[in-house]
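[1] Sharing a model prediction with you, sequence too.
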Amino acid sequence: QEYTCVKLQTLEWSDRAKEVLGDKIPKDAKVYFIPATLRPETVYGMTCCFVGPKVNYGVFSLSPEKNEYIVATPRAARNMAYQALSPGWGVVTQIAELVGSDLVGTLVNAPLSAYKDGIRILPMESLKDSKGTAVVACVPSDSPDDYATTLELQKKPDYFGIKKEWVDKEIVPLIETPKGNLIAKTLYEELGINSPKDAKPLAEAKEVAYKLGFYQGTMIFGDYAGKSVQEARTLVGKQLSDEGLAFKYAEPDGLVVSRSA
Ligand code: ZZB
């Protein structure tokens, strides 16, 4: 499984993260949240970025020369160390340790996204710590899981310890499909999904959304509007890496939790 990791630069840490981090982050360091995605063409519609509230994360050195750091799980950081994504081959340098809930509320910059003032780190309880970087780009227009979690967070912001405006972003349509241009919402309603815990219909919705988007989708937003999703995926992926806004990360075989599990 090869993911594109998009670099979302931290603009302001949550109060809790500031407390935990203290003076562990070097001066002028750039720290990135790096959601792992199979769908780089959807970066335009990222409304927030998810972490698992109970998942353990670290801050790891990505490049000492560039003073760049990433937030990821220790597992992902170890894998990255064998893909030239660390200070040296197999070298993992961790400078801080946090739990997902500490990170909630942090403001990050989302490159190419429609939301220019930055987006927030928010909790996703169904997020798996065993996949990718355990940091997920929330694209509620095209991902049924993200749409479900967005609705849940909007319903109970106090319960989740977040501000309502962090999750109340307008959902911008990105991709036209035979089922309309907000496929996640359409499938959520069609399959009678009620919450992020409805794992079975959500898995089905994800499958359908992937297929319709990839084989029959046309971009209606961004630099590649008018192009097919297949073309746009390659072009956006290339643009992001050319501009230093993303890198590829491969998940070793056998460690990936099956999509239909
Ligand atoms: C943005 C995005 C936009 C995604 C979309 C999907 C869709 P797969 O096929 O199971 O490997 N993801 C990544 N890591 C995790 C995790 N640790 N826990 C839960 N979800 C995770 O799924 C890869 C996709 O699952 C990734 O691509 C990411 O969400 C999410 F419009 O990134 B995606 C129809 C799906 N649409």
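    Sure, I can see it. Numbering: from 1, shown residues only.
[2] Tell me which helix or strand comes right after whichever strand in the chain runs longest.
    Ordering each strand of the chain by length in residues (DSSP state E) puts strand 56-63 first. Next helix or strand after strand 56-63 toward the C-terminus (DSSP states H and E): strand 68-72.
[3] buried set for the helix or strand following that next one?
    Next helix or strand after strand 68-72 toward the C-terminus (DSSP H and E): helix 74-80. With burial defined by 16 or more other Cβ atoms under 10 Å, the residues of helix 74-80 counted as buried are 74, 75, 76, 77, 79, 80. Every residue, glycine included, has its C-beta placed from N, CA and C.
[4] What are the boundaries of the strands in the stretch 1-150 of the chain?
    With DSSP state E, counting those that start in this stretch, the ranges of strands along the stretch 1-150 of the chain come out as 2-6, 8-12, 30-33, 36-37, 48-51, 56-63, 68-72, 94-99, 107-108, 119-123, 135-138.
[5] and the ones you listed as a markdown table, adding distance to the ligand?
    Listed next are the strands of the stretch 1-150 of the chain as a markdown table, based on distance: least, Cβ to the nearest ligand atom, whole Å:
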| stretch | distance to the ligand |
| --- | --- |
| strand 2-6 | 7 |
| strand 8-12 | 12 |
| strand 30-33 | 12 |
| strand 36-37 | 3 |
| strand 48-51 | 8 |
| strand 56-63 | 12 |
| strand 68-72 | 11 |
| strand 94-99 | 15 |
| strand 107-108 | 15 |
| strand 119-123 | 12 |
| strand 135-138 | 4 |
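[6] So, low pLDDT: which residues of the stretch 101-250 of the chain?
    Residue ranges of the stretch 101-250 of the chain with pLDDT under 70: none are present.
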